[in-house]
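S.K.: what shape does this take:
(one chain, ligands or ions: 2)
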Amino acid sequence: MNSQCVIIGIAGASASGKSLIAKTIFEELCRDLGTDQIGVIAEDAYYRDQGHLSMEQRVLTNYDHPKALDHELLCRHLQALKTGEAVEIPTYSYSDHTRMADTIKMTPKKVIILEGILLLTDPGLRGLMDASVFMDTPLDICFMRRLARDVAERGRTMESVMAQYTETVRPMFLQFIDPSKQYADIIVPRGGKNRIATDILKARIQHLLAK
Ligand SMILES: Nc1ncnc2c1ncn2[C@@H]1O[C@H](COP(=O)(O)OP(=O)(O)O)[C@@H](O)[C@H]1O
Ligand SMILES: Nc1ccn([C@@H]2O[C@H](COP(=O)(O)O)[C@@H](O)[C@H]2O)c(=O)n1
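M.R.: Ligands and ions are numbered 1, 2, ... in the order given. Alright, predicted model coming up:
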């Protein structure tokens, strides 16, 4: 069976507004399609399991390098959803730096919004997307938002956020994420509250569904 499943990929720097725009599109499209017909998948859920490593080893991982993520599993899950099969999405703990025991069942959807920093670096994932987006928020703004968010929500200290940003987040953005912008169909300036970009994406999804 090849069910209708529109997949939109949203990439960009950490704290560029990917989750916010994904959530806005999700909530607004739910009103038309129903909550069971649209889903959001975060690439972060596919960070590799590090249960076999000590906490001292886990903090040394470069979480902004493509190899930190299990894109193969994400690809398999998207292919399964496209063929009408349900999947078990992993859950991830930013404070323990590893997968949690629970998974979340996702049933097939008409629309899947994927969001994550490194999505557009992977040809397999790009090939599964019906449209791709890059959130082009200035890096200094992203850094300020990440600092506030990671201290408030991800159990980090200001010092650890600043060190990680200098050692891996910024260099990996320049090496992998920013060059992947070339693969985006739509480039969104300013961040997750860009109303016109949100409307354009919603209209494109509606157009793909009507085909
Ligand atoms: N345009 C914006 N104006 C103000 N705050 C924003 C804007 N876009 C995103 N944010 C905030 O910045 C933080 C990071 O955004 P988020 O969507 O979580 O980023 P990402 O998913 O790209 O890491 C969140 O607290 C979010 O509410
Ligand atoms: N254990 C981890 C795993 C990931 N990160 C950081 O998360 C960022 C990606 O998530 P966004 O919601 O910000 O897009 C990425 O830049 C990793 O550095 C982490 O700090 N710890």
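S.K.: what does this structure put close to ligand 2?
M.R.: Contact residues, the chain versus ligand 2 (CB under 6 Å from any ligand atom): 14-15, 18, 44, 47, 63-64, 94, 97, 117, 169. Using the backbone N, CA and C atoms, a C-beta is placed for each residue, glycine as well.
S.K.: and the helices in the protein?
M.R.: Under the criterion DSSP state H, the chain contains helices at 18-33, 55-58, 71-82, 123-128, 139-153, 158-164, 170-172, 195-210.
S.K.: ok, which of the ones you listed comes nearest Ile186?
M.R.: helix 195-210 (6.8 Å; CB to CB).
S.K.: buried set for the closest one?
M.R.: 197-198, 201-202, 204-205, 208 (16 or more other CB atoms under 10 Å).
S.K.: okay, now whichever residue of the chain sits closest to ligand 2: neighbour count?
M.R.: With CB to the nearest ligand atom, the shortest gap between the chain and ligand 2 falls at Ser14, namely 3.3 Å. By the criterion of other CB atoms under 10 Å, Ser14 has 24 neighbours.
S.K.: same question, Thr35
M.R.: Neighbours around Thr35, by other CB under 10 Å: 11.
S.K.: now it: how far from Ala86?
M.R.: To Ala86, Thr35 is 16 Å away according to CB to CB, to the nearest Å.
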